[in-house]
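Enquirer: turn this into a structure:
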Amino acid sequence: PIGAAGVSSSDVRGSGSRPYSKGRLPIGLMSFEKLPLTLASLTPAQTAAALFVTVGGVVNAVARCRDRRVIKDFSSLPSRENEQPVEYDVVVVGGGPSGATAAYFAAKSGLRVLVFDAKKFPRVKPCGDAWCAPALTILEEMGVLQQMEADRVVHPVKRGGLISPFGYRCINTDGDAYGAVTGCKTYAIKREIGDNYLFKAAGAAGAALCDGFEVTACAFTEGDPGSWLISARDSSVGGEDAAAAPTKQVRARLLIVADGSTSYLAQKLGLLPQGSQPQAVSSTAYVKKAAWQEADGVMIFNRSMLPGYSALFRHCDNDVYIGTYVLPGGRATSRAIAPFETEAMEQHPYIRDALGPDYEWSRKRKVAPIRIGGMAKPYGRQVLLVGDSAGFVDPLTGEGIHTAIKSGKIAGHCVAEMVRKRNYSQQASHAYALRCEDDFGYEFWSSALAARVVYHLPIAIDAIAVVGQRRGQAFLDFFGEVMTGVRPKSAFFQPALLVDVALEMLRQIVVQHVLRRPPLVPLDIGQATVDSQAEKKAASGTAATYA
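Expert: Sure thing, here's the model as predicted:
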């Protein structure tokens with residue numbers, strides 16, 4: 001079994017390290033770029049809000065600067081006389097975006113790298129298919145983006161926006177395209193395509209690729225340093241012939257776990273609790289012959305599914321992605337997705353009109369679990385967890401491609417440094433976690449808080465949509481940057497924007513609850529299903545199941 005061979009899971013986990021903190025306040029609460037108002041033009045209320053947020057920003061910045069002192073380079077260690085030889089410096093389990101990126105950068109640094117994946121590439125992978133700017137920047141550095149653009153397998157999002165729970169549309173349909181103000185960009189790329197290009201890039205960088213082989217055992221052998229013995233078998237051979245399937249067994253100094261959100265390998269190694277289930281879920285389906293021409297990407301918020309949402313994206317082959325995210329903090333579960341989407345396709349005016357009467361299913365709905373918000377400790381003894389395996393997924397958006405690729409790059413550089421310095425200690429592994437936290441992990445707490453606000457105050461999304469209508473493309477670019485990780489979520493607390501949204505929320509309270517004006521979309525789509533499931537859950541005393 002994985003984790004056997006004379007070493008307990010506690011040995012693999014290690015001890016004595018500072019946990020990966022998610023409770024710290026992020027820097028960047030204030031963002032003064034392109035602030036439309038000068039201090040002299042602020043009203044007394046706006047001035048008070050500006051002072052409050054500025055003080056908060058200073059406190060957060062000081063806290064971040066103070067905590068950055070622990071993010072240090074680890075030292076080099078002398079070579080050992082009796083160091084056990086290994087075939088590979090690093091074995092990566094999982095060839096998705098995080099694993100392939102880690103393998104690429106480790107191989108580029110001169111390491112001997114082997115990548116295992118249970119599936120043969122290309123393979124279908126349910127996902128939201130939105131590859132945002134931070135991921136595209138790294139793909140461009142790897143040369144992958146240029147190749148995909150040349151092969152015309154990507155579709156840039158040029159028109160997009162959001163629809164609020166009350167039905168307000170903040171969508172750019174004419175004028176400047178998305179990114180015209182800030183240069184921010186998002187591409188729609190099907191995962192089987194993007195993952196395949198990344199996997200091949202890892203091979204071109206020098207990594208040995210072994211797709212179609214499932215890792216069946218990982219055993220840590222004690223030593224100074226220790227090593228991993230990894231066993232795998234041909235996953236294409238099943239049933240009665242499985243015992244006779246071809247196998248591989250290799251020894252490596254370091255192990256990178258990138259086997260997805262369920263991460264059974266991390267569970268068997270004791271890095272995740274046994275039976276641990278991801279907290280969220282998303283659906284993926286494609287339709288063809290859709291009537292939708294207005295936009296390339298739209299987020300659609302419905303009250304029954306909050307803090308989750310649905311999305312539409314157009315692909316290069318004119319397939320339209322339709323999917324729904326069920327995120328922690330709300331009442332909906334994975335079982336609500338199918339009936340909800342059926343109702344939405346019939347009753348939500350935007351979705352119904354976008355699909356049109358003649359659409360056909362290109363690929364029926366698939367559902368995939370998502371681990372949210374980052375692990376307490378995404379590393380162990382000579383082992384690192386990356387991407388979905390570590391829960392590096394934004395709690396507000398469910399977006400994890402860019403954080404997967406970022407963590408893969410960080411892991412690739414970190415293992416190269418560990419090998420170069422011959423330092424395989426807990427301190428070295430801990431440095432990986434701290435670098436991930438410094439790069440993107442510190443944002444997860446504010447995203448989780450924002451998700452709670454969205455669930456309890458859906459009128460805030462209504463207000464943001466109305467404010468966005470007034471501000472135009474500059475706001476849509478700003479909103480896109482915040483939601484895709486280019487800017488921190490705390491950028492929403494810019495004084496001028498904060499006051500504008502707060503005033504619009506007050507107006508919406510009057511419109512919706514005093515004047516009782518009818519909503520622009522049905523408010524009860526999927527609500528009966530969600531309520532019924534919540535009642536059954538309460539009666540049985542069970543928790544929500546997302547996987």
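Enquirer: in a helix, residue 436, correct?
Expert: Yes. Under DSSP: H, G, I helix; E, B strand; the rest coil, residue 436 falls within a helix.
Enquirer: neighbours of it, how many?
Expert: 26 (other Cβ atoms under 10 Å). For glycine as for every other residue, the C-beta is placed from the backbone atoms N, C-alpha and C.
Enquirer: likewise residue 312?
Expert: Residues near residue 312, counting by other Cβ under 10 Å, number 25.
Enquirer: and for the residue sitting nearest the centre point of the chain, nearest residue in space, chain neighbours not counted?
Expert: Note on the chain: the residue nearest the mean C-alpha position is residue 400, at 1.2 Å, using Cα atoms, centre = their mean. Spatial nearest neighbour of residue 400, excluding adjacent residues (Cβ to Cβ, 6 or more residues apart in numbering): residue 393 at 3.6 Å.
Enquirer: test my guess that the residue nearest to the centre of the chain contacts residue 394.
Expert: Yes. Using Cβ atoms under 8 Å, residue 400 is in contact with residue 394, at 6.9 Å.
Enquirer: identify the residues contacting residue 408.
Expert: 97-105, 258, 386-387 (Cβ atoms under 8 Å, 6 or more residues apart in numbering).
Enquirer: check residue 371 too.
Expert: Residue 371 neighbours (Cβ under 8 Å, 6+ apart): 261-263, 278-280, 388-391, 393.
Enquirer: quick check, pLDDT for it.
Expert: On the pLDDT scale, residue 371 is placed at 94.
Enquirer: re the thing from before, could you dump the contacts of residue 408 into a markdown table and include pLDDT, distance to residue 187 and secondary structure?
Expert: A markdown table is the format used below for the contacts of residue 408 (pLDDT from 0 to 100; distance: Cβ to Cβ, whole Å; DSSP: H, G, I helix; E, B strand; the rest coil):
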| residue | pLDDT | distance to residue 187 | secondary structure |
| --- | --- | --- | --- |
| 97 | 97 | 13 | helix |
| 98 | 97 | 18 | helix |
| 99 | 98 | 21 | helix |
| 100 | 98 | 17 | helix |
| 101 | 98 | 16 | helix |
| 102 | 98 | 22 | helix |
| 103 | 98 | 22 | helix |
| 104 | 98 | 19 | helix |
| 105 | 98 | 21 | helix |
| 258 | 97 | 22 | coil |
| 386 | 98 | 22 | coil |
| 387 | 97 | 19 | helix |
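Enquirer: can you tell me the element the residue nearest to residue 448 when sequence neighbours are not counted falls in?
Expert: Using Cβ to Cβ, 6+ apart and skipping residues adjacent in sequence, the residue nearest residue 448 is residue 395, 4.1 Å away. Using DSSP states H and E, residue 395 sits within no helix or strand.
Enquirer: reformat the contacts of residue 408 as JSON lines; add neighbour count and distance to residue 182.
Expert: Shown next, in JSON lines, are the contacts of residue 408 (neighbours: other Cβ atoms under 10 Å; distance: Cβ to Cβ, whole Å):
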{"residue": "97", "neighbour count": "32", "distance to residue 182": "24"}
{"residue": "98", "neighbour count": "35", "distance to residue 182": "27"}
{"residue": "99", "neighbour count": "31", "distance to residue 182": "31"}
{"residue": "100", "neighbour count": "35", "distance to residue 182": "29"}
{"residue": "101", "neighbour count": "31", "distance to residue 182": "25"}
{"residue": "102", "neighbour count": "33", "distance to residue 182": "29"}
{"residue": "103", "neighbour count": "35", "distance to residue 182": "32"}
{"residue": "104", "neighbour count": "31", "distance to residue 182": "28"}
{"residue": "105", "neighbour count": "25", "distance to residue 182": "27"}
{"residue": "258", "neighbour count": "33", "distance to residue 182": "31"}
{"residue": "386", "neighbour count": "33", "distance to residue 182": "29"}
{"residue": "387", "neighbour count": "34", "distance to residue 182": "27"}
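Enquirer: of these, closest to residue 114?
Expert: Using Cβ to Cβ, the shortest approach to residue 114 within the contacts of residue 408 belongs to residue 103, at 8.3 Å.
Enquirer: and the helices in the stretch 401-547 of the chain?
Expert: 401-421, 426-439, 444-456, 459-471, 473-483, 495-509, 527-540 (DSSP state H, counting those that start in this stretch).
Enquirer: looking at those, which is buried most?
Expert: Ranked by mean neighbour count, the helices of the stretch 401-547 of the chain are led by helix 401-421 with a mean of 25 (mean count of other Cβ atoms under 10 Å).
Enquirer: contact partners for residue 529?
Expert: Residues near residue 529 by Cβ under 8 Å, 6+ apart: 304, 335-336, 339-340.
Enquirer: please tell me how far it sits from residue 301.
Expert: Separation of residue 529 from residue 301 (Cβ to Cβ, to the nearest Å) stands at 17 Å.
Enquirer: to what extent is the spatially closest residue to residue 190 that is not a sequence neighbour buried, counted in neighbours?
Expert: Residue nearest to residue 190 in three dimensions, not counting chain neighbours: residue 129, with 5.7 Å by Cβ to Cβ, 6+ apart. Residue 129 is flanked by 25 other residues according to other Cβ under 10 Å.
Enquirer: and for the one 4 residues further on?
Expert: Applying other Cβ under 10 Å, we find 19 residues neighbouring residue 133.
Enquirer: doesn't residue 481 make contact with it?
Expert: Yes. With contact defined as Cβ under 8 Å, residue 133 counts as touching residue 481 (7.5 Å).
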